[in-house]
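A.B. asks: Provide a 3D model corresponding to the input given below.
(chains A, B and C)
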Amino acid sequence: MYYFPSLLYPILLPILGSLFIAYNKKLSIRPSVVAVIIAALVFVSNIYFISFTNHGISPEIFLPMSLGFNFFMQADLMSVFMALTSSFLSLIILIYCLGYIKKDEYETEFYSMAILFLGAMMGLVYSMNLMWLFIFWEITAIASWRLVGYFRADADTLKANKTFLITMGGALFLLLGIIIILLNFQTLDLNKLQGQAIPTLAVVFIIIGAFSKSAIFPFSTWLPDAGVAPSPVTAMLHAAVLVKIGVFAFAKIFHYIPLDVDMSTLVLYMTGISSLIAGGAALIETNIKRIIAYSTISQIGFIFLGFATYTQIGFVGGMLFILMHGISKAGLFLAAGTIEHTAHTKDISKMGNLFKAIPITGVAFGLCALSVMGIPPFGGFFSKMMVIKSAAGFGNPVIFTIFLLGALLTILYLTRLFYLVFFGSPTKSYKETEKGTSNWMVYSVLTLGVLSLISGLLVKFPLKFLINVF
Amino acid sequence: MIEYIILITLLLVSGAAAIMFKNMLYAAMGLAVCSIMLAFVMFKLNAPWAGVFELSVCAGLITVLFASTVSMVKTDKKYFVQSKMSKYLPLAVIIFGLILLSFGKPFLTVLMAEHKAHVSQSVGDIIWNVRFKDLIAQLAILVAGVVAIKAFFGKHSDEVEEKK
Amino acid sequence: MDLIFINFILLPLIAAVVTAFLNNKSKLANGICVAVFGYHLLYILHNILVAKTAFYTGMNMLSGIMLIAIALVALTVAVFSYFAESTNRKGIYYALMLILVAGMNGIVSTGDFFSIYIFLEVVAVASFALIAFYNNPLSTEGAIKYFYLSAFASILIILSVSLLFVFTGDTSFTALQNAMTSNATNPTALNIILGLMVVGFMVKTGLVPFHTWTPDAYQGASTSVSAILAGIVTKVAGAYMLIRIAISLGIINDGIKTNSVGFAIMVFGLITILVGAIAAMKQNNFKRMLAFSSVSQMGYIALAAGLATPLALAGAVFHLFNHATFKTPLFFNARALEQQAGSCDIDKLKGLGTKMPYTAWSSIVAMLSTAGLPPLSGFWSKVLIIAALWEAGFHTFAIVALFASLLTLAYFINFQRTVFFGKVSPELKNVKEVGFKYLLPVFVFVILIVGIGLAFTTCFETFIEPFIRFLT
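C.D. replies: Alright, predicted model coming up:
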C-alpha cells in the first residue's frame, strides 16, 4: 500500500549492528552494552507499530524484484505481536548475559551473533514473501550454529554441527515447497496466494520444514542436544525465539492458505504424539537442561494444537501461548543457568537443597514452572485453557485426550524437577550462594518469574490485542 | 582395402613399439616409421597436402630433433622403470581393437557413409584468410611451449628452498 | 580482426613474451600482468554496464560473463601470487599466467570448434607448466596425471571436430546447430559426434568418472596455481563448453528433454555431485577436500547444462560464475593456513578461529555460499537449478541435488569444527593472522559473494536475462 521506511529499523538496525559489534574490540566499547542497547531499540521500534495496527493500518514495504522474490514486509497484528514477544524476551536474555558471559575471547562473536539472530528474527516475522521468509530463516540457522558451539569443546561443536545439519535438512524441505509454489503460481507473496489451491506436496514439505525448526518428533533430536550451549543461548534459541519460528511460520502461512481437515488432523496427531513422547522423556531424564528442552518440545505441540484447529479461540490461544511459554520457559532456562553455576553440575540426581543457597532463583523458578504447568492465575493457564478448548471444538476425541494427557505429564515432570533440585537431599550444601552470583542473572530471572504471574493477572491486554487478528 | 589393412597394422605396431622400446633412439625410429605409414594412408585417401605435411614435419623434422636430442642425453640404465605396461600394452591394444570391431560395427558403417567435406578454396586461402586467428593461436601454442620448457628446464635456483 | 581478439588474446600474448624475460624484475613482471588483467576487467565491464553495447545479448553475453570471470580470477590470483609465491623465476610464472589467460579468452570468444581446440591446447600446455612449476614429486605427479587425461580428452575432441567437418563441411557452432535442427545428417552420427565431444569436455571439467586427475593436480600444484585452476580453468575448458553444446541441444528440443546426450550429461552430473561430496567428507588435506568439492559443484553445472531449458542454463551459468567467486578465496585461505600454521592437514590445525579471524570468517562465508545458504550468492544459483529441474519434471533429480547441499554443508562444517571452531591446540599458540596484502584478494570475493547474494535480482536482470531471452 505505501512505503513505510521505519519498518526497516527493527530489521536493519540489528543486522548492521551485529557487524558493528564485531569491531567493538578495536573501538574498546563493551559489546554487551551495545547489544543490550540495540535490543532495547528494536523493542521500542516494535512498540511504535502498535499505534498503527490499533487503527487497522498495516504498515508495509514493497520492493518488487524479478522472478517473484519481492521484498515485501508487512506489520500486521500477528507479526507485531510476535515481534514484540521475541524482542522483549531477547532484551531480558541479553541483560542476563551481562552477568553470565565472562569477558573472554569469544564474547564479541557471541553478542554479534545474538544481535544478528534478533535481526533475522524480526525480518522473518515481518516478511510477507515466502522467499524472504526463507532467507531470514536460514540466517537464524547460521547464527544459532555459532551460538550453540560457544564453548568450543569438541562435544559442543559436534552438537552445534548436528543442530545445523538437521535444521538445514528441514529447511531444504521448506525450500522445495516454496519452489513448487513459485513454479505453480509465479508469485510468492502471501496476500496474492490467499485462497489458492496449493498442491498437497508443497503443503507437506512446508509442514515438514516447520516441524524440523520447531522440534516436533521425529525432527526433534537436535533440541535436547543443543543444551550444550550456554544457558542464555538455550533460553533464547530453544525457549523464546528460535523454536517459535517454525510454529509462527506455520500459523502465518496457513492463515493465508488454509489447510483442509485431513491435513490438520494429521498435523494434530503428529504434534500430539510428539507432546506425549517428549513429556515421557522429560519424566525420566536427569540432565536439567535436557528436561527443560523436552518440556519445550512438549509445549510446542500445544501451540500447534491452537493453530491447526482453525478456530478463533485456538488461534488467539496459540499466539498467547507463544507469549506465555516464551516468558516462563526463558525463565526456566536462565534459572537453570544459575543453578548450574551454583551446583557445578547439570545432573539433578546430584543436586538438592538448593533453595537454601539460591532462594530468589528458586522462587522465580517456581513461578515460571507454575505458569508452564497451566495453574491459575498464572499466564500459562489462560493459554493452555484456550488451546484445549479449541481441541474440544475441533471434534476429535482422540486428539483431545492426547493433549489432556500431555498437560498432565507437564505437571508431573515439572513438579519432579522442582522438588529434586530445590528440596531433595536436605543435607547438601554449596559453597556458592546467591550473593556471589551476578545481580544481572538473579534479577532478570526474577523479572521473568514475576512476569509469568503478572501476565496472567493482566491477560486481558494481550487478549484484546489478539482478538482483532482473526 | 588390403593395402589399408597392412598400412594401419604397421602403423599400430610401430606406434606400440615406439612406446615400448627402452632404447630412446629406437623409439624415435618407431615414431618415424609410424608417421611414414600415416603419410602413406593420407596419400591413398587423396589428401596430398596432408601427406606432405605429415612426412616433412613428423617423419622428417621431429625425428631429426629427437635423434639429435637423444644423442646428447646420457642414457643410464637406472632411469628405466620396468612397468607392467610394456608387457601388457600389445594385449590391451588387441583387445581394444576386437571390442571396437565387434560392438562398433554399426557406428563405423554410419561414420564411413558420409563425405560432405568439399572445400572450394585452396589450401593457402584457407590458412591465411579464413583461419587467420587459428594461426595466431598456433603462435600462442609455440610461445606457450617455449615458456613451458623454460619453466621446466630453466635454472632451478629455487629448487632447494621451496615454500610449497 | 575485431577488438576482442586484439585486446583479449594478442595483448596478453605479447605481454607474455615480454614478461618471460623479466625474471630479475619481478615487480615489473607482476605489474604488467596485473595491468593487463585489470584492463580486461575494466574493458568488459565498461562495455556491458556503461556503454550498454547491444552486441552483448545472447551468446555474446555468455562470452561477456565468462570474460569477466576470467579477468576477475586472474587478476586476484596475480596479485595474490606476488606475495604468496617465492621463486626467482617470477617472469616465467607471470608469462605462463598471461598465456593461460590468452588461451581461455580465446576459448570463450570464438564461435568455431577448431579454434576452440587450438586454444584448449594453449591452456593445457600452460597448465602443465604451472602445475609442475616447482618440480617437486607431488606436483610432477599431478601434472603428469593431468597430462595423460588431458591428452585423452584432446584426442576425443579433435576426433569429434573432424567428424563434424566430414558431415557438415564446417566446424562452427552454427554448423552443429544446423545439423541438429535439419534432418540432413544421420542422427546416429550426430549422437556419436556429440557423445565424443561431451566425454572429452567432461574429462576437462573433472566430472566422474574422469575426475581422478583433479585431487592430485590441485594438491600438487602450489596454491595460487590451484586457485586459478579450480577457479576458472576447469570451468572454461570444460563446463563452459558443455553449456555451449547444451544450448544447441536446448534449441533443437524446444525444452523437451528427450535427447539422450543431454540426459547422459545429467546422469553423469548427478553422480558427480554425490561422489564428489562423499569423497570430500573423508579427506584430511584441505586442498584435496577443496578439489573434491570443486568436482561436486561441477556436477551441479553439468546437471543443469544437460537439462538445457532456459531456466536451467541461467542456473548453470550463474553457478559457474558463483563457483569461481567462492572456490578461489578458499584456496587463498588454504595458502594463508599453510603459511601461518605450516600445514594443510586438517587434524594438525586445531582451533585457529580466534588467531586468524579474517581467514576464518572469509572461509565461513565462502563455504556457506558453496553449500547454498541464503543470503549468499550460492543459494540463488542452487534455487535456479532446482527450480529448473522440478519444472521440467525431473523430481528425483531435483530432490537428490537439493539434499546433496546437506552433504556439502556437512563436510564444510566438519572442517570448520576442527580448524576454526574448536579450541586452540598448544602447538599453535603463536599463530598470527596473515598480512593484509594476502587478505585483500579474499575480501574482494567475499564482498562479491555477499553483494551478489543480496542484489541477486539486479544481477539477474543485467547479466542473465539478456542471455536467456535470446534462447526462449
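A.B. asks: which secondary element of the chain has the worst mean pLDDT?
C.D. replies: Since no chain was named, I'll use chain A. helix A:24-27 (a mean of 71; mean pLDDT, DSSP states H and E).
A.B. asks: following element in sequence after it, please.
C.D. replies: Of the helices and strands lying after helix A:24-27 in sequence (DSSP states H and E), the nearest is helix A:31-53.
A.B. asks: now for that next one, which elements pack on it?
C.D. replies: helix A:9-22, helix A:24-27, helix A:77-100, helix A:107-126 (3 or more C-beta pairs under 8 Å, 6 or more residues apart in numbering or on different chains; DSSP states H and E). The C-beta positions use only the backbone N, C-alpha and C, and glycine is treated the same way.
A.B. asks: list of residues touching it?
C.D. replies: A:6-7, A:9-10, A:13-14, A:17, A:20-21, A:24-25, A:58-59, A:75-77, A:80, A:83-84, A:87-88, A:90-91, A:94-95, A:97-98, A:101, A:107-108, A:110-112, A:114-115, A:118-119, A:122, A:465 (C-beta atoms under 8 Å, 6 or more residues apart in numbering or on different chains).
A.B. asks: now, of the residues you listed, which are buried?
C.D. replies: Applying a neighbour-count criterion of 16 or more other C-beta atoms under 10 Å in any protein chain shown, the buried members of those are A:7, A:9-10, A:13-14, A:17, A:20-21, A:24, A:58-59, A:75-77, A:80, A:83-84, A:87-88, A:90-91, A:94-95, A:97-98, A:101, A:107-108, A:110-112, A:114-115, A:118-119, A:122, A:465.
A.B. asks: neighbours of A:His344, how many?
C.D. replies: 12 (other C-beta atoms under 10 Å in any protein chain shown).
A.B. asks: where do the helices sit along the stretch 351-470 of chain A?
C.D. replies: Remark: helices assigned in the stretch 351-470 of chain A by DSSP state H, counting those that start in this stretch are A:354-357, A:359-373, A:379-394, A:397-418, A:439-457, A:460-467.
A.B. asks: include mean pLDDT and distance to chain B when you put those helices into CSV, please.
C.D. replies: CSV is the format used below for the helices of the stretch 351-470 of chain A (pLDDT from 0 to 100; distance: least, C-beta to the nearest C-beta, whole Å):
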stretch, mean pLDDT, distance to chain B
helix A:354-357, 80, 59
helix A:359-373, 89, 58
helix A:379-394, 88, 64
helix A:397-418, 90, 59
helix A:439-457, 84, 51
helix A:460-467, 79, 66
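A.B. asks: pLDDT below threshold where in chain A?
C.D. replies: Residues of chain A that meet the criterion pLDDT under 70 lie in A:1-3, A:25, A:105, A:427-428, A:431-437, A:469-470.
A.B. asks: need the residues of it near chain C, please.
C.D. replies: When proximity is defined as C-beta under 8 Å from any C-beta of the partner chain, chain A approaches chain C at A:65-67, A:69, A:105-106, A:134-135, A:138-139, A:141-142, A:145, A:149, A:152-154, A:157-158, A:160-161, A:164-165, A:168-169, A:172, A:175-176, A:179-180, A:182-183.
A.B. asks: restricted to helices, list the residues you listed.
C.D. replies: A:134-135, A:138-139, A:141-142, A:145, A:154, A:157-158, A:160-161, A:164-165, A:168-169, A:172, A:175-176, A:179-180, A:182-183 (DSSP state H).
A.B. asks: can I get the helices and strands packed on helix A:31-53 in a markdown table including distance to chain B?
C.D. replies: Converted to a markdown table, the helices and strands packed on helix A:31-53 look like this (distance: least, C-beta to the nearest C-beta, whole Å):
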| stretch | distance to chain B |
| --- | --- |
| helix A:9-22 | 32 |
| helix A:24-27 | 32 |
| helix A:77-100 | 45 |
| helix A:107-126 | 32 |
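A.B. asks: C:Leu373 touches A:Ala143, doesn't it?
C.D. replies: No - in this structure, C:Leu373 is not within contact of A:Ala143 by C-beta atoms under 8 Å, at 11.5 Å.
A.B. asks: interface residues of chain B facing chain A?
C.D. replies: Counting by C-beta under 8 Å from any C-beta, no residue of chain B is near chain A.
A.B. asks: if we can go back for a sec, which among the residues of chain A next to chain C count as buried?
C.D. replies: With burial judged by 16+ other C-beta under 10 Å, the buried subset of the residues of chain A next to chain C is A:65, A:67, A:69, A:106, A:134-135, A:138-139, A:141-142, A:145, A:149, A:152, A:157-158, A:160-161, A:164-165, A:168-169, A:172, A:175-176, A:179-180, A:182-183.
A.B. asks: quick check: next helix or strand after the helix or strand that contains B:Leu100?
C.D. replies: Assigning secondary structure by DSSP H and E places B:Leu100 in helix B:84-103. As assigned by DSSP H and E, the chain's next helix or strand after helix B:84-103 is helix B:105-113.
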